[in-house]
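Undergrad: quick check, what structure comes out for this input:
(one chain, ligands or ions: 2)
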Amino acid sequence: MPSPALAPSQARALAALLDRMFPAGANHPGAGEIGATAYIAAALDGPYRGDAVTYRALLDVLDGEAGGAFADAPQSRQLALITALEAGTLPGLPANQDGAVFDLVWRHLREGLFGDPVHGGNRDFRGWSAIGFPGAQTGYGQAAQALDHPIDLPPVSVATQRARLASPPWTQPGGPRPLGADVVIVGGGAVGGFLAHALVRRGVRVVILEAGPARSGRERAMDEVLSTAFRNEGGAAKFNQEIPTWRTGAGMRATRARRSQGLETALGGNSVAWGAVAMRFYEQDFRVRSATIARYGEGRIPAGSTLADWPLAYADLAPFYTEAEQLLGVSGQDGANPFEPPRDTAYAMPALRSSGLGLLFGQAARKEGYHPFPLPAAIATTAYRGRSACTYCSFCSRFGCHVDAKASAQNTVLPEAMATGRLRIATNARVDQIVTDESGRAVGVCYRDADGDTHMVQGGTIVLATNTFENVRLLLLNKDRRHARGLGNETGQVGRHYITRQQPSVYGVFDELRFNRFIGPTAQAMAIADLSSDHFDHSQLDFILGGRVAAFNQYLPVEASGVLPPDVPRWGEAWRAFFTHAYNRTAMLFIDPEILPYDTNAIDLDPDTVDDLGRPVARITFDIHDNERRLMGYLQTRAARILEHMGASRIWCRPHLTGAISTHDVGGTRMGVDVAGSVVDSFGQVHDTPGLMVLGGSTFVSLPAVNPALSILALALRAGAHIAGASRA
Ligand SMILES: Cc1cc2nc3c(=O)[nH]c(=O)nc-3n(C[C@H](O)[C@H](O)[C@H](O)COP(=O)(O)OP(=O)(O)OC[C@H]3O[C@@H](n4cnc5c(N)ncnc54)[C@H](O)[C@@H]3O)c2cc1C
Ligand code: SF4
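TA: Ligands and ions are numbered 1, 2, ... in the order given. Model prediction:
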């Protein structure tokens with residue numbers, strides 16, 4: 001297909017390049033026939049317009065290096081040039097440092113091969129047919145998840161589901177521009193929604209200022225191309241312009257975090273995109289330092305680690321966990337996890353059903369003496385407060401839910417909070433300034449609207465609920481006479497104790513089994529907590545703490561086509577052969593290791609990189625340490641044994657260091673009693689700035705081997721009760 005973005009010679013070179021990267025086989029179409037070339041050519045004149053310069057440069061270099069037209073060069077020369085491209089050594093292409101241009105093309109190619117045909121690739125479902133993916137289905141029964149169950153459904157495009165996805169829309173709250181309220185919440189995501197709910201039902205007047213638009217969670221349902229972290233349409237309103245940079249140590253120049261997980265900028269925030277695994281922390285997680293020392297001695301705390309106890313106990317948070325679970329509608333199996341902390345209520349609904357993969361994992365885990373249990377999830381398994389039950393569609397984590405089975409702030413607390421008449425929401429309201437008075441008290445914020453005009457909103461209490469990176473950035477960017485180093489930063493603690501989850505999964509390919517992991521949400525998982533926290537004896541081990549191992553569902557083809565054992569190349573005949581065989585035969589054991597805080601890991605402002613408003617982006621300095629390396633090695637060995645029991649034909653592990661921005665990014669505004677070692681108290685009140693609060697994962701003291709959001713919400717609900725009490729006093 002001709003593309004305005006490419007000259008005819010460049011279009012020819014692109015077609016040849018892609019057909020070499022994903023070649024046709026005896027019974028398989030190649031990239032061009034599947035429509036990947038047409039997809040990229042069109043995208044370069046559309047959503048990937050910004051990449052057209054890079055492509056033109058690449059294709060001209062390929063022609064030049066081929067000594068004529070790359071498309072006409074002998075195959076051996078073409079292969080040599082692609083090898084150089086991947087290695088980052090292709091001459092004349094400075095943008096290809098570390099193979100970045102190869103990565104870009106590879107990613108686009110996978111979208112064109114395996115994305116929904118609505119975007120112009122995957123012509124007549126040829127890519128999906130090659131791997132047996134049935135597309136945007138909504139009615140899988142339990143039998144379809146049995147091991148080796150054949151799926152003969154004709155593939156379905158998201159376009160066919162559009163009518164279903166369109167309704168009901170989220171309507172933009174109307175009314176005049178807000179001028180002030182008792183409490184002004186910056187950020188309308190998970191925390192913003194749940195905090196507002198806790199406040200307005202106690203009679204407090206609240207304004208939420210949300211940087212992104214109002215939208216229905218269904219808008220990006222069931223479309224892998226739109227929802228991937230790579231394109232991250234959800235972050236288009238803001239996050240994509242301010243992606244943090246990352247370096248592994250001080251003194252290095254940070255570069256844009258390459259394997260970045262996108263974050264949403266829209267009403268509902270990441271409560272729309274999340275995977276909805278909803279677990280409480282364990283009791284010991286709140287006293288992790290003292291319990292470790294009591295059992296093993298102080299010498300076992302790794303040098304340089306700033307591991308500390310939390311300034312509250314599990315019992316302080318338990319009632320708010322219960323409240324969060326009821327508001328979300330958490331499904332789970334009572335008593336299934338023997339390590340679970342005490343609870344005074346049953347789960348709101350039965351657990352998600354078990355898949356064949358989950359049952360197989362459970363059997364294998366029991367052989368090792370572990371206690372498998374289904375992960376609790378904020379996903380309705382029966383009708384719940386106006387929401388429908390899950391259809392096991394599998395477009396779940398990173399997607400909005402097409403039936404609102406997955407809880408978000410938007411389909412739970414926000415409508416109820418709006419109905420009180422005490423909540424005002426302003427969308428497209430990007431806050432960049434926190435206003436303080438002469439005494440140093442926070443009294444309001446300024447935001448930019450969609451036209452770039454600035455407005456001020458005053459509040460008795462100002463709450464930052466903008467997720468970890470922006471919470472830290474807003475504090476550091478806002479200075480006044482009394483806060484020369486930034487708000488909350490009198491003792492230099494803002495940005496410190498940053499922790500991000502590493503994801504050292506272990507994979508297994510089963511030549512003799514098909515799993516149909518394209519059915520079911522990520523959270524439909526069987527897990528073990530026997531190796532989490534201090535649930536096992538570390539006396540003879542060379543690390544402290546642990547991690548959760550779980551067999552997740554949701555395996556969608558654009559992402560899956562990038563999951564390869566180390567000996568399988570990323571392009572060519574071997575890639576095509578591996579992936580078309582392995583797509584439906586791959587199991588992943590996802591590991592959530594506990595990562596410790598260290599004095600060398602932090603967030604600050606990048607002196608070299610700015611956002612679209614010209615302000616420094618957040619700079620992450622983060623690396624793992626020996627304790628985590630040993631812990632992850634141990635967990636991977638245990639997970640591999642489970643895969644062996646399951647019958648895997650081939651097993652491989654991801655590297656230990658998987659990068660920054662993991663979706664479990666915490667710390668930076670640590671909570672504590674000690675003013676010199678923390679930024680906020682256990683309610684989120686900033687020590688050195690009256691009237692200002694910070695909530696969210698940034699206030700975490702440590703990162704237990706549990707997903708963070710339920711604890712984040714419980715803390716927000718507790719803070720809401722506290723603020724309301726103080727407002728009444
Ligand atoms: C793909 C994915 C999967 C996940 N899966 C899970 C899971 O299974 N279980 C779990 O526990 N956690 C999960 N998480 C993490 C979970 O979603 C977050 O912990 C949670 O959403 C954090 O809530 P928050 O309110 O602090 O931030 P967010 O939900 O991100 O909300 C922050 C809001 O602030 C807005 N904002 C940002 N800057 C400004 C500004 N300057 N002015 C105004 N508004 C602003 C943003 O637009 C956003 O709406 C997942 C996250 C992602 C991305
Ligand atoms: S909860 Fe997840 S898997 Fe279930 S229907 Fe919604 S998006 Fe699909």
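
Undergrad: check which helix or strand the spatially closest residue to Gln78 that is not a sequence neighbour maps to.
TA: Spatially, and ignoring its direct neighbours in sequence, Gln78 is nearest to Arg20 (5.4 Å; C-beta to C-beta, 6 or more residues apart in numbering). From N, CA and C alone the C-beta is placed, and that goes for glycine too. Per DSSP states H and E, Arg20 falls inside helix 8-21.

Undergrad: list the helices and strands that helix packs on?
TA: Judged by 3 or more C-beta pairs under 8 Å, 6 or more residues apart in numbering; DSSP states H and E, the packing partners of helix 8-21 are helix 31-34, helix 36-43, helix 52-65, helix 75-87, helix 100-114.

Undergrad: just these: most buried one?
TA: Comparing the helices and strands packed on helix 8-21 by mean neighbour count (mean count of other C-beta atoms under 10 Å), helix 36-43 ranks first with a mean of 25.

Undergrad: may I have that one as PDB, with CA atoms only?
TA: Output of helix 36-43 as PDB, limited to C-alpha atoms (Å, rounded to 0.1, in the frame of the first residue of the first chain):
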ATOM      1  CA  ALA A  36       1.900  -6.000   8.700                       C
ATOM      2  CA  THR A  37       3.600  -3.900   6.000                       C
ATOM      3  CA  ALA A  38       0.300  -2.100   5.200                       C
ATOM      4  CA  TYR A  39      -0.300  -1.600   8.900                       C
ATOM      5  CA  ILE A  40       3.100   0.100   9.500                       C
ATOM      6  CA  ALA A  41       2.900   2.100   6.300                       C
ATOM      7  CA  ALA A  42      -0.500   3.500   7.300                       C
ATOM      8  CA  ALA A  43       0.500   4.000  11.000                       C
END
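
Undergrad: give me the contacts around that helix.
TA: With contacts defined as C-beta atoms under 8 Å, 6 or more residues apart in numbering, helix 36-43 is touched by 1-3, 5-6, 11, 14-15, 18-19, 22, 31, 48, 55, 105, 108-109, 111-113, 115, 119-123, 127.

Undergrad: end to end, how far does stretch 621-632 reach?
TA: End-to-end distance for stretch 621-632, by C-alpha to C-alpha, to the nearest Å: 20 Å.

Undergrad: could you list the buried residues of that stretch?
TA: By 16 or more other C-beta atoms under 10 Å, the buried positions in stretch 621-632 come out as Thr621, Phe622, Ile624, His625, Asn627, Glu628, Arg630, Leu631, Met632.

Undergrad: just the mean pLDDT for that stretch, thanks.
TA: Confidence for stretch 621-632, expressed as mean pLDDT, is 98.

Undergrad: go on, stretch 472-482?
TA: The model assigns stretch 472-482 a mean pLDDT of 97.

Undergrad: what's the answer for stretch 331-338, then?
TA: Across stretch 331-338, pLDDT averages out at 98.

Undergrad: buried sites along it?
TA: So for stretch 331-338, counting by 16+ other C-beta under 10 Å, buried means Ser331, Gly332, Gln333, Ala336, Asn337.

Undergrad: closest one of these to Ser394?
TA: Ser394 has its nearest neighbour among these in Ser331, at 16.7 Å by C-beta to C-beta.

Undergrad: distance check, the closest one against ligand 1.
TA: Counting by C-beta to the nearest ligand atom, to the nearest Å, the gap from Ser331 to ligand 1 is 13 Å.

Undergrad: again with His108
TA: 21 Å.

Undergrad: so that residue sits against Gly46, correct?
TA: No - His108 lies out of contact with Gly46 (C-beta atoms under 8 Å); the separation is 11.9 Å.

Undergrad: could you find the closest non-adjacent residue to the residue in the stretch 51-200 of the chain that ligand 1 sits nearest to?
TA: Taking C-beta to the nearest ligand atom, ligand 1 has its nearest neighbour within the stretch 51-200 of the chain at Gly189, 1.8 Å off. Spatially, and ignoring its direct neighbours in sequence, Gly189 is nearest to Gly269 (2.0 Å; C-beta to C-beta, 6+ apart).

Undergrad: so who does the one you found touch?
TA: Taking C-beta under 8 Å, 6+ apart, one finds Gly187, Gly188, Gly189, Ala190, Val191, Gly192, Gly193, Glu210, Leu263, Ala409, Asn467 in contact with Gly269.

Undergrad: neighbours of the closest residue to Thr245 other than its chain neighbours, how many?
TA: Excluding its sequence neighbours, the residue lying closest to Thr245 (C-beta to C-beta, 6+ apart) is Ala254, at 3.6 Å. Other residues lying near Ala254 total 21 when counted by other C-beta atoms under 10 Å.

Undergrad: close to ligand 2: what parts of the protein are there?
TA: Residues of the chain lying close to ligand 2 by C-beta under 6 Å from any ligand atom are 379, 390-396, 399, 401, 403, 405-406, 521.
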